[in-house]
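S.K.: No sequence on hand, only this structure:
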């Protein structure tokens, strides 16, 4: 086995870790080496499997949940900046006045039902359709029987934890404004029962 | 990666920057998730466990970003983390692993063609000493040279060779076949 011909070198090349003469040498080698070409095909196949079995939103939500679990442990000093970056919302806004609604609960699969209220120019109403620019959103849970609930906002390249704590009945303490474009997903995980609520703009 | 996001209605925290952990998560996914998931699937043999392991590995990376960024090869570093994590999972259910090896061992003896080397390596891992396991994966799967492994693990070259010999001895004993190697 030589250092010119190794699966790891091909992987490093794909990850953009090689440069200059080393990159050129590796590219030239891979073009002429059947074994390394097979490794390239394997890398492509791995990527297809990943995209099919673990799309980014799913991974991001899982990582956010594990980070949130670690955050609940007091000894996790390193968590402070991570929690900050994950967008853990602690402020109590009180900006929204919620009207009770007993219909039109949004659920895409089993698990705790959640409702999303929107406050925009037309007032406060249940989420139905695209989210207007500047609209305030607030999630209301019906998860009093759940031991732990996590609510995350999952966007391409971003994951924010809105709530992580015991199951509650009623609105979360914080409202938020979704500043993204395109599509996002509000993911509610109540003791492993997952509900996904699509947002679009 | 497009920065999108979230803003608090009142008060709150600064918006994530592209270099924040959540932005880094997207970068990690793009560059490394496929290889890590592939490694976890190969070792754990269970998509659900592999998914869980992938999350655990990424959490570990986010916890050790300085080390990750400072590594001579982040790809090598993150695959080592993945391998180490999965080996620990496998050690925790070693009994089940041994049953699987016994079955594989029977199958391999009936095969006429040479079994895939990586499958052989995976099967032997359970029986190998802990320190030999990682060396074996780096050598047989990642195809690092013995010198590269010594540098990566901070071990001497004779130690790396000794671990590989231990691993191969386990292979012979466990399966009754040789694990193919160019250098032994």
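M.R.: Now that the structure is in, tell me what you want to look at. All figures in this text were calculated on a predicted structure; none of them were measured in a lab. Numbers count the residues shown, from 1 in each chain, chains lettered A, B, ... in the order given.
S.K.: Check chain A for its longest helix and report it.
M.R.: For chain A, the longest helix by residue count, based on DSSP state H, is helix A:34-53.
S.K.: worst-scoring helix or strand of the chain, pLDDT-wise?
M.R.: Just so you know, I chose chain A. helix A:79-85 (a mean of 46; mean pLDDT, DSSP states H and E).
S.K.: sorry, should have said chain B
M.R.: strand B:6-8 (a mean of 55).
S.K.: What about the closest residue to chain B within chain A, how many residues nearby?
M.R.: Per Cβ to the nearest Cβ, residue A:180 is where chain A lies closest to chain B, at 3.1 Å. For the C-beta atoms, the positions are set from N, CA and C on the backbone; glycine is no exception. Close neighbours of residue A:180, defined as other Cβ atoms under 10 Å in any protein chain shown, add up to 22.
S.K.: does any part of stretch B:117-125 sit near chain A?
M.R.: No: Stretch B:117-125 does not reach chain A (Cβ under 8 Å from any Cβ of the partner chain); its nearest approach is 9.7 Å.
S.K.: There's contact between the residue of chain A closest to chain B and residue A:155 in this structure, I believe.
M.R.: Yes: contact status for residue A:180 versus residue A:155: in contact at 5.1 Å, counting by Cβ atoms under 8 Å.
S.K.: Got the phi and psi for residue A:166?
M.R.: phi -70, psi 150 (degrees, to the nearest 10).
S.K.: per-residue pLDDT, it?
M.R.: Among the per-residue scores, residue A:166 holds a pLDDT of 74.
S.K.: Please apply the same query to residue A:65.
M.R.: 79.
S.K.: Tell me who's in contact with residue 132.
M.R.: If you meant another chain, say so; for now it's chain A. A:118, A:120-121 (Cβ atoms under 8 Å, 6 or more residues apart in numbering or on different chains).
S.K.: nope, chain B
M.R.: So residue B:132 contacts B:163-164, B:166-167, B:170 (Cβ under 8 Å, 6+ apart).
S.K.: in chain A, which spans are helices?
M.R.: According to DSSP H, the helices that chain A contains are A:7-14, A:20-32, A:34-53, A:56-71, A:79-85.
S.K.: repeat for chain B
M.R.: Using DSSP H, helices in chain B cover B:21-28, B:34-44, B:47-63, B:65-70, B:74-92, B:94-110, B:117-125, B:130-136, B:146-153, B:157-175.
S.K.: so what's residue B:144 closest to, chain neighbours aside?
M.R.: residue B:138 (4.9 Å; Cβ to Cβ, 6 or more residues apart in numbering or on different chains).
S.K.: picking up where we left off before, how about a markdown table for the helices of chain B, with mean pLDDT added?
M.R.: Formatted as a markdown table, the helices of chain B follow (pLDDT from 0 to 100):
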| stretch | mean pLDDT |
| --- | --- |
| helix B:21-28 | 73 |
| helix B:34-44 | 95 |
| helix B:47-63 | 92 |
| helix B:65-70 | 84 |
| helix B:74-92 | 92 |
| helix B:94-110 | 63 |
| helix B:117-125 | 82 |
| helix B:130-136 | 91 |
| helix B:146-153 | 92 |
| helix B:157-175 | 88 |
